[in-house]
Each structure stands twice: as structure tokens, then as C-alpha cells.
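Trainee: could you work out the structure for the sequence below:
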Amino acid sequence: MSNAFFRNPRLVVLTLLVILVAGLSALELLPRREDPKLTGRFGSVTTRFPGATAERVEALVTEKLEQELEQLSEIKELQSSSRRGFSSIQVKLRDEITDADPVWSKLRDKIAAASLLFPAGVLAPELDDEVVDASTLILGLSWNSDAPVRRGILRRFAESLSDRVRRVSGTKKTLLYGAAEEEILVRVDELQARALGLSAAAISQAIEGTDAKVAAGRMRSSRSEFLIGVEGELSSLAALRDIPLRSSDGRILRLGEIARVERSERAPMREKAYLGGGEGVAVSVTMMEGRRIDRWAADVQAQVEEFRRQLPSTVRLEVLFDQSRYVQVRLAELMGNFLLGALLVGLVIWFMMGWRSALLVGSALPLASLMVLGAMRLMEIPLHQMSVTGLIIALGLLIDNAIVIVDEVRTRLRTGLAAAEAISRSVQHLFVPLLGSTLTTVFAFMPIVLMPGAVGEFVGSIGLSVILALLSSFFLAMTVVPALTGYLLGRRELRPGQEARGRPQWWREGFRSQGLSRAYRASLGFFFARPLLGILLALLLPLAGFWAGTQLQEQFFPPAERDQFVLQITLPPSASLAQTSERALEIREQLRKHEQVAAVHWFVGRGAPRFYYNLLGGRENSPMFAQALVQLRSSEGALALINELQLELDAGYPDTQIICKQLEQGPPFDAPVEIRIYGPDLKQLRLYGEETRAVLASIPGVTHTRASLADAQPKLEVELLPDEAELAGLSRVQIARQMQLGLEGRLGGSMLEASEELRVRVRLEDHNREDTQGIASLELLGAAGRPMPLTALGSLTLLPETAAIPHFQTQRCNTVQGFLLAGELPSAYLSEFNQRWQERGLELRPGYHIGFGGESKTRNEAVAKLMASVGLLVTLIAATLVLSFKSFRLAGVISMVALLAIGLAMLSLWLFGYPFGFTGIVGAMGLVGVAINDSIVVLAGLRENASACSGNPNVVVDIVSRSTRHIIATTVTTVAGFLPLILSGGGFWPPIAITIAGGVLGSTILALYFVPSAFLLLGAGRQSSKLEPPRHFPTLP
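Mentor: All right, here's what the predicted structure looks like:
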């Protein structure tokens, strides 16, 4: 069976055909996206409580919700904010949750249970469990005329475009940003209404009573049934103006006589969008999972172009963001790196082994890659930058098995064996050793695959691609590659007694140098005669690496290399949407002065659409907040530009908190540095927060600080005269309700226009609510129906009010955030903060404690999750080694090589100037499985030789020399495979490539000097020389 493929050429052809068809069809059908899909573990619960203070919202809404939600064991974090009239709770599920839908269903039940405990006036909570869905395409409709902006027209065109795009197959959802809410506004003339004894509430009730959209029963008989309705639905503005009203003196008049009735935008607007050159509406489109983004985007673009042709000249349609463009560029770059790496690997094999062996070994690259693609299709793994990078990482690793089997078959052919016999013996001899070697490398990458949570989902496909490639390589090495070797070399290898004609040529047999060989053997002989010196020499680089590791800065994930960044501004809590819009437009003009800035798209009153996978959403209904998507002409020089703009805008607008944020890789976090202070008293928490902000702001490089327990915001309070209110027959509640109705209006009735329902709002003219004088002159109706001004009942006073009350894990918590210049490492600033905190001698009272969030907390949690399965997998690797060598001491030598390889990884990072980030940790873990393979080759060769086991250094030199060509070949091919990633630049891929490539280079010294010296020093082989050798690795000629 071991040579079944060689004896059955049809089986080889069919196997190759299946691999080819499966791989190419997978390449055609596999979904494509830029980054891995993250499970929806983030959600938000928002609840409105109109008119309530932050303290009442906290006690009556937020805490009741938190008490119910914390009963769910699937919830990892609850973070809430209680503001005037509004409660917001951010929910994060545990990393172990892979199917979030059932959990969100449970959460809805808990919300419903908490709602039963709410007081009157609290609106139904809203749950958004699609926070992680990133926009695939963002379209913008903007006003393209000197005439005043017609926001209603923009909204209707945006809704029409949204409907059209939603009908495209593969579209998951669409959302509108910056769309004005339309309503029917009834502006009551206060003087006329007062004279007639009518209030806004009475007018609203009259409208609602006229709008007969209610059932009026059925007529039932033995022969038929009919629905009964009362005529009188509001169908037009004319019908609304014609509604009859009764004055206090009994006269009948029409609504249109005392009020202006018109279709209007809701004022004040809750949000606005300024797209490129003007005000507009953005349509965010999200694609379903499992689709090819390039084909879906082409279908959507066709609909967009058809819609564009139907637009009037006053409306401009543009594509603000298209993820398919980034996907195509990213995958093209990675595939280019893959092909370049494959070419370099092939050239190295040709140089080291000759063209025939290079052809045979090189065949494993495309075949294994096609097998991986086929397996990815079966496992539903899309093509994205992580899965493709796994293939690139596997380039230099998956040909090791092919090198070994090709060389073994060629060596046996040279002994005179027939091709079938040579293949049979080679496969039987190498099956278990190569399986063990493959498994040790697979085990090294398994922690990356098994890691739970968002980080595991983000990087897990790297490890999975590598594992699939290694298993595919092992299958090919045991089946197809030896068969092809027999076909190609079976009649061409020299037999015993034959001599080569002429001088050996390197392109046929591989590179040889007698001078280098003699010098190398001399160095081996020198150190093996002094094994302790050989061990010390081999330890120099790893020990230097462990020292270098203490000098490395910590990092979670490096920033993304993107031609975009996020700019957000925050004004004081009392700022209006108009003020924030004005400031945003000023900053836009400032940005346009920079040549590298291509476009600026502002979203005022809420966050921008999630155009990048790890951007955090939220900040709805925040008139003091705005966020911009800044599009650059290229990603080159983006870091310097972001920092330049940060300093320039801070100097130009000192009254506004402006944060320029470079896009980050990996799971999201709110701020690079977060310090959380827990305690019961808001005043004390605010004091501690100010002290913390002062310490953080004193560190050079910190651009802004922010506390979640912010300064108080102004509140206009009515101080009533109790006697006057009693004489008027009005309670405080009645006064508040009349003021609410007069200023904000009252919804009563609705009008259907096509498929859209427009609510009818009744309120006073705008001049009554624009300043304190207008509010003070607001007319109220007493119990007897007599109007009176508000000033007759009390006076207005400006008082401070708590802006927001934050909670973290159901406790009051003041979170202080620190924002840094782009490219700075948060770990260094957190260390500096701790040092300065200690120097100032700051201490918290009993009942208060401090914690940390931000990048540091996210990184520590991710590393802990990564290491959770390391112990078991290290045990499996150790068991594999012990069973292979049947010796604990020899397994200990290999384990020492694995440990020293980590030092080599840190040395590589230090030499190239990279921080010790999560990608470096991933590379170091993968290196452990790769680095020990060469040492296993050498140790296996030593152990099977009786003279070497007896401690003969000359024999050890011979065995190591014979193994060197194979070791050098695998080392150089590994480095060549990683070279494109190293040269690609940036901060994400090079650390992985450098740790593995640099570690493999250093582990070559360990394999050739440390392992033989340790073998001689320990004498481990003397007692095991009679045992059957666990594996055999032939050497390259």
C-alpha cells in the first residue's frame, strides 16, 4: 500500500484532478472580505425617560435594567450612562459565546421583565444587537444647488435608493445617516389661542379625535360580513386645516385660522451629515455573510448607476466608501506576496538540490495550496487577509516533508533499488517520523485556532490555514510526491558502479563547496571536542534575546495601514447641533488646506457609519458630538499627517476636544489608556477623576483626557411661588406638562402619504422657545381656564445639573480616558501614569478602588485566552517527543531548544525595532513548533548511530555534516517564504514573519551546535543505542 500511487498512475492523475478541481472551484466560490467576521458580542440598550434628571434615570431605569441583565451568566460586561431623559447600557457577551442570537433573545426577555418595574412616562427600551456589523458600501446623496437645502427631498431620494439597494441579492440591511425626520407641524399663534381660551394640548386632542384610524366593529349576518369604519382619516394638509375647534365662548372655528399647518422637518434636528461639499444623507449598506464582495458590489453599483440617471441636477450621488476596493487591493497584495514567496522558495530548492528535485519539491506548493482552498470551502472560511496570510506563513513550512521524502527516495534509488521498492521503503520508514514532526508543528499553532473571543476570531484563521497546509503537505509527501519522484528520477539516478560524466553541475545536483565544507567540519570538530563550549556558544543569541525582551515595549495590535482615519469633536454638554455643525464645517475647511486630504464626510449628532470592522458605534442623540470619515489620497505618510493635524487643530480650536484617530487592527476598545475609579459618591468620584486627569495630562504625548463623570451642564429651573400656583389651581406636574406641550409640542394623530406615516405635532411658534424671555412669557391656563404668564407663578434660575452618571459592572464608575498621538504605544504611557501616581502619593478613601481598561486590559485578556490552551498542547508536544525518542532526557533537549527559540524570537523583534505585540506572540508560538524540527533531525541521526551514542566526537561530526544540507535547505526556504511579508513593511505582518524567520535562522545554530554538544555532554545516547531509532531523516547529497 505504501507505493499504491506509484503502481497506479491513474490514481495519481485522478488525485491531481480532484485537487485541481476542488481548489479552483473553491477559489471561484469562496466568499471574499477584507477582515474576518466577528461574532456579535456587543449590543446596546437605550431607554428614553422624557424630562427625568440623570439621578432619576439612574435609579428608576438604569439600575432596574442592570439588576435584570446581570442575572445572565453569558454577559461579560455592562457599561451604562444615565443622562437627562436618556439611559444607555452597553452590553458585551463572554468570549466563549459563538452563537449570540439565543443570548440576545434571553436579554430581550430580561428587558421586558425590567420594563414592568418602570414608572409612568418611561418609553419602551430598544435593543441594538447588530453593533459589530460594518458597512460594506456607503453612498451619499448631497444637495447640489445654491438654493436652500431641501432636506425632505434628500430623505425621500435616500429612502428610494435604500429600497433599491436592499432588493439586490446578498444585501443584509441598509441604514440612513443624517436624514431629517419629517412631520406635520401645527404652529399655534399664542395670542389668538389665548384669546379663544385654547391651549396646545386642547388643539392636539381635537386633532387626535378627528383622526379616525380605529376599528368601528363589524356588520355580521348569515350571508356576509362587513367591516365598519368612521369617515374622517387625515389625508391631506387641507383636511387638517379644516378641523373644527370650539372656543371658550362656544364659537366654532377652523384650525387653519389660528395656526400654520405645514409639512416640516423635525426641529431641532437630531443629526446632520455633511458629505464632501454639502449637506446630505448617507446610505450605509451591509452585505450578507457568505457572498463574494466583488460580485455583490458590481450588482449594487449597477443599481446605483441606474438610480443616478434618474436624479435631478440638484441632487448629487457619490460613493463615500467601497469595501470591495480595499478587499481587491489587499488580496492582490497578499497573493502577490504568496507568488513571490513561492518563486523564492523554488529558486532556493533549485540552488540547493538541483532542478529535478526542485520541480518535485516545488509541486507540493500549488497542490497543498489548492487542497487548503478546498478545505476552506468545506469549513466555510472566507478568503480574507488572515486566511491568505496563513498560506504565506505555511510556504516555507509545507515543503519540509517533500524535501525529506524526495531525498530519501533519491538516496535509495542510488543504492540500486527499483523505483517501486525505493518508494515503498521510504514511505514506510518516514511515515511515523514525518507524522510526529507535522503534529508537533500543528500543536504549536493550535492555541491560535482554539483561542476564544474576538481576538481568536480575528487571528484564528492564520493558524487554521497553516495547519491545513501542513496536513495537506503530509498527505502529498506520503502519496503523490514519492510517486512523481519515481516517475521522474527512477531511470535517471546513478546506480552503484556508475560514475557521473564530467564535473557535477549545481543546477542539476545542487550547490557544493569543498572549501566551505572543510571549514565547517573543522568548526564542528572543535566544539564537539569541547561540548560545554559548544553549548555556551549556542546559548549566546537566545540569552541575548531574553535580555532584549525586557527592553521591548508591549503592544496589542499595530495600527492599520489605511488611507482613512477618524476625526471626532466634542463640545461642551450644552452645545446645540447648530454649534457643533458650525465647528465641524470650520474644521473641514482647515483640513482641505492639506493636499493629502481627498474628502471629509461629517456626521453631526451621532457617530459615523462603521466603515471599518472594529470601529465602535453609538453616540446617538448627542448634539455636542460629531465624527468624520477623512479620506486621504494614499496611506503613505498618513501617520505623520494625522499627528500634524492633531497638533494643528488643538492649537486652532482650544475650546473643542478634537481627536484624530488612526484606524486600529484587532478587537475594538474605547481609548488607548483607561483608568476606572469605582465608588459610591458622585462628588468624590468627580474629584478623583480630576486628579487622575491632571496626572494623565501631565505626560508628554497625551493629547486629550476625558472623564465619563463630566462637569455639570446648565439647567434652566422654574422656582415656583407656591401661593400663586395654588391660587391658579395648578400643581407642579400640571405646570411642567403645560410647558412641555407648549415648547416641545404634543403628538396627536397622523397622516398617511403613500407608504409613509407623518405624525402631527402641535406646538407654539418658535419665538416662544428661543430665549429665556420667550419662555418666561409662556402662557399657562389655570384651573378656571384663565391664561396667565409663567412669570406670574415663579421665576427662571440657571443651575448646574449632573450631565451623566456612568456605571461599570453595575457600580458607579468614573472612567478617565487618555488619547495619544498616532503610533504611540499605550503601555509606555500607562507605566508612566502609574509612576507619577505613586510619586504624587495619591490614595483613595475606603470604599473606592481603581482599575484599568483600554488597550492594556484588552491585551492582557487576549494573551490569557491564548495561553489557556498552551499547557495542554505543550504536554502533547512533549508526549510526542518522549514516545518518538523513548527518552525523557532527549525530549528534554528538544524542549530546551523550544524554550531558547522564544529568546531568538524576541531578539529578532528587538533587532528590527518592533514592539512585543500580539502578532509577535503569535509568531513566537508558531516558531516553537517549527524551530524544533531541525533539532529532531540531528538528534534522530545521532541516536541511531552506536558510535555517536558512545560519545565519539568524530562520528558526531560526520552525522551532523550529513544532516546540514537538509537543515540549511529547509531553513533558507523558510526564510525565503517569509521574505515578502518582511519586505512588505507596516506593523502587522513583519513581526510575525520576523519572529519565525529570525527564530528559524537562530535555531539552525541550536540544531547544529547545541543539540550535538548536549548529546555528548549528557551521554544520553549511551543507554539507548540498542533501541530502535524513532525516526530517520536522510541527508541531502
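Trainee: domain map for the chain?
Mentor: Here the domain assignment for the chain is 1-30+354-494, 39-131, 182-214+228-265+713-801, 515-558+851-1031, 561-664, based on automatic domain parsing.
Trainee: for Trp296, which of these is the nearest?
Mentor: Using C-beta to C-beta as the measure, domain 1-30+354-494 is the one of the domains of the chain that comes nearest Trp296, at 12.7 Å. Bear in mind the C-beta positions are built from the backbone N, C-alpha and C, glycine included.
Trainee: what's the neighbour count on the spatially closest residue to Leu65 that is not a sequence neighbour?
Mentor: Spatially, and ignoring its direct neighbours in sequence, Leu65 is nearest to Ala114 (4.7 Å; C-beta to C-beta, 6 or more residues apart in numbering). Ala114: 21 surrounding residues under other C-beta atoms under 10 Å.
Trainee: in the strand or helix carrying Ala114, what's buried?
Mentor: Secondary structure from DSSP states H and E places Ala114 in helix 101-115. The neighbour-count check on helix 101-115 (16 or more other C-beta atoms under 10 Å) flags Val103, Trp104, Leu107, Lys110, Ile111, Ala114, Ser115 as buried.
Trainee: wait, which of these is closest to Gly140?
Mentor: Distances from Gly140 to these, taken by C-beta to C-beta, are shortest for Trp104, at 31.1 Å.
Trainee: hmm, who's touching stretch 328-341?
Mentor: For stretch 328-341, contacts defined as C-beta atoms under 8 Å, 6 or more residues apart in numbering pick out 32, 34, 294, 369, 383-385, 388-389, 391-392, 395-396, 976-981, 984.
Trainee: again with stretch 821-840
Mentor: The contact list for stretch 821-840 (C-beta under 8 Å, 6+ apart) reads 553-556, 559, 565, 639, 642-643, 646, 660-662, 672-673, 675, 692, 695-696, 698-699, 701-703, 818, 820, 852, 854-856, 859, 915.
Trainee: I'd like to know which of those are buried.
Mentor: Buried residues within those, counting neighbours by 16+ other C-beta under 10 Å: 554-556, 559, 565, 639, 642-643, 646, 660-662, 672-673, 675, 692, 695-696, 699, 702-703, 818, 820, 854-856, 859, 915.
Trainee: distance from the chain centre to the helix or strand where Arg330 lies, please.
Mentor: Using DSSP H and E, Arg330 maps to helix 323-353. Offset of helix 323-353 from its chain centre (C-alpha atoms, centre = their mean, to the nearest Å): 25 Å.
Trainee: now swap in stretch 759-766 and tell me
Mentor: Computed by C-alpha atoms, centre = their mean, the chain-centroid distance of stretch 759-766 equals 44 Å.
Trainee: next one: stretch 297-313
Mentor: Distance of stretch 297-313 from its chain centroid, counting by C-alpha atoms, centre = their mean, is 31 Å.
Trainee: list the contacts of the residue nearest to Leu65.
Mentor: Lys64, Leu65, Gln67, Glu68, Leu69, Pro125.
Trainee: same check on Ile967?
Mentor: Asp934, Val937, Val938, Thr1004, Ala1007, Leu1008.
Trainee: coming back round to it: could you dump the domains of the chain to JSON lines with mean pLDDT?
Mentor: Listed next are the domains of the chain as JSON lines, based on pLDDT from 0 to 100:
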{"stretch": "domain 1-30+354-494", "mean pLDDT": "84"}
{"stretch": "domain 39-131", "mean pLDDT": "90"}
{"stretch": "domain 182-214+228-265+713-801", "mean pLDDT": "77"}
{"stretch": "domain 515-558+851-1031", "mean pLDDT": "81"}
{"stretch": "domain 561-664", "mean pLDDT": "89"}
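Trainee: run through the residues that contact the residue nearest to the spatial centre of the chain.
Mentor: Centroid-nearest residue in the chain: Asn614, 3.4 Å away (criterion: C-alpha atoms, centre = their mean). Taking C-beta under 8 Å, 6+ apart as the criterion, Asn614 is in contact with Leu38, Glu664, Gln665, Gly666, Pro667, Pro668.
Trainee: mind jotting down where the helices sit in the stretch 101-250 of the chain?
Mentor: Secondary structure of the stretch 101-250 of the chain, counting by DSSP state H, counting those that start in this stretch: helices at 101-115, 151-166, 190-196, 200-210, 237-241.
Trainee: take those and lay them out in TSV including distance to Gly290.
Mentor: Formatted as TSV, the helices of the stretch 101-250 of the chain follow (distance: least, C-beta to C-beta, whole Å):
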stretch	distance to Gly290
helix 101-115	16
helix 151-166	18
helix 190-196	59
helix 200-210	48
helix 237-241	47
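Trainee: and of those, who's closest to Ala59?
Mentor: Closest of the helices of the stretch 101-250 of the chain to Ala59 is helix 101-115, at 13.1 Å (criterion: C-beta to C-beta).
Trainee: the closest one: how far from the chain's middle?
Mentor: Relative to the chain's own centre, helix 101-115 is displaced by 26 Å; criterion: C-alpha atoms, centre = their mean.
Trainee: counting neighbours, what do you get for Leu14?
Mentor: Neighbourhood size, Leu14 [other C-beta under 10 Å]: 11.
Trainee: buried sites along the host helix or strand of it?
Mentor: Using DSSP H and E, Leu14 falls within helix 9-29. For helix 9-29, a neighbour-count test (16+ other C-beta under 10 Å) marks Val12, Thr15, Ile19, Ala22, Gly23, Ala26 as buried.
Trainee: okay, it in PDB with CA atoms only?
Mentor: C-alpha atoms of helix 9-29 as PDB (Å, rounded to 0.1, in the frame of the first residue of the first chain):
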ATOM      1  CA  PRO A   9      -0.700   6.200 -12.400                       C
ATOM      2  CA  ARG A  10      -4.400   6.600 -12.900                       C
ATOM      3  CA  LEU A  11      -4.800   7.100  -9.200                       C
ATOM      4  CA  VAL A  12      -2.200   9.800  -9.300                       C
ATOM      5  CA  VAL A  13      -3.900  11.500 -12.200                       C
ATOM      6  CA  LEU A  14      -7.300  11.300 -10.600                       C
ATOM      7  CA  THR A  15      -6.000  12.600  -7.300                       C
ATOM      8  CA  LEU A  16      -4.300  15.500  -9.000                       C
ATOM      9  CA  LEU A  17      -7.500  16.200 -10.900                       C
ATOM     10  CA  VAL A  18      -9.600  16.200  -7.800                       C
ATOM     11  CA  ILE A  19      -7.200  18.500  -6.000                       C
ATOM     12  CA  LEU A  20      -7.200  20.800  -9.000                       C
ATOM     13  CA  VAL A  21     -10.900  21.000  -9.500                       C
ATOM     14  CA  ALA A  22     -11.600  21.300  -5.800                       C
ATOM     15  CA  GLY A  23      -9.100  24.000  -5.300                       C
ATOM     16  CA  LEU A  24     -10.000  26.100  -8.400                       C
ATOM     17  CA  SER A  25     -13.700  25.800  -7.700                       C
ATOM     18  CA  ALA A  26     -13.100  26.900  -4.100                       C
ATOM     19  CA  LEU A  27     -11.100  29.900  -5.400                       C
ATOM     20  CA  GLU A  28     -14.000  30.800  -7.600                       C
ATOM     21  CA  LEU A  29     -16.800  30.300  -5.000                       C
END
